[in-house]
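Student: Pasting the sequence and the predicted coordinates here, then a few questions.
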Amino acid sequence: MANYKHRDTYPGVTAYATVTDARKAAEFYRIALGAEIVDARETDGGKIMHCEARINGGAFMFNDPFPEHGMGDTANGCAMTLIVEDAQAWWDRGVAAGMAVETDLHVAFWGDKYGQFKDPYGLSWAIVGPQ
């Protein structure tokens, strides 16, 4: 998928998720969210043990489940949040790629555009941007 390039540090908090099919998820995130895959490593059996994507300038990491090592499918309980300049463009691209709308993109009570959709792998994504 990509060659590994070492980075010494990452700003903020880096999300790391387990998804049901990391190889397909990588392609989906590329189409739906403009992700650039910067590192992907697979096991001898072909499962993705680590994949790093860059989305909107930040790192998002994910892998296939490895229940034999206590790592099941954990794609639930939180929302990945993208704060962007053009919320409508990000929203339209995600929906066109197959994101399932959970909360329509709208002007929220705090004044920003906000919407939430779910990817085919169980992760919820929030899009936030100026009106």
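Tutor: Thanks, I have it. The model shown is predicted, which means the values in this text are computed figures rather than measured ones.
Student: Poorly predicted segments of the chain, please.
Tutor: Within the chain, the segments meeting pLDDT under 70 span 1-13, 69-77.
Student: If we use 80, what do you get?
Tutor: Low-confidence segments of the chain, defined by pLDDT under 80: 1-14, 69-79.
Student: quick one: the helices in it?
Tutor: Using DSSP state H, the helices of the chain run over 22-33, 87-97.
Student: so the shortest one versus helix 22-33, what angle?
Tutor: Inter-element angle recorded for helix 87-97 and helix 22-33: 140 degrees (by axes from the mean of the first three to the mean of the last three C-alpha atoms, to 10 degrees).
Student: distance between helix 87-97 and the chain's centre?
Tutor: 14 Å (C-alpha atoms, centre = their mean, to the nearest Å).
Student: Ala79 touches Gln116, doesn't it?
Tutor: Yes - when contacts are counted by C-beta atoms under 8 Å, Ala79 is listed as touching Gln116 (6.1 Å). Just so you know, the C-beta spots here come from the backbone N, C-alpha and C atoms, and that holds for glycine as well.
Student: which of the two has more neighbours?
Tutor: Counted by other C-beta atoms under 10 Å, Ala79 and Gln116 do not tie: Gln116 has more neighbours, with 20 against 16.
Student: mind listing what that one touches?
Tutor: For Gln116, the contact set (C-beta atoms under 8 Å, 6 or more residues apart in numbering) comprises 79, 101-103, 124-127.
Student: among the residues you listed, who's most crowded?
Tutor: That'd be Ile127 among the contacts of Gln116, by other C-beta under 10 Å, with 28 neighbours.
Student: And that residue, how far from Val101?
Tutor: 11 Å (C-beta to C-beta, to the nearest Å).
Student: Make TSV from the contacts of Gln116 and add distance to Glu27 to it.
Tutor: Shown next, in TSV, are the contacts of Gln116 (distance: C-beta to C-beta, whole Å):
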residue	distance to Glu27
Ala79	21
Val101	21
Glu102	22
Thr103	25
Ser124	19
Trp125	16
Ala126	22
Ile127	20
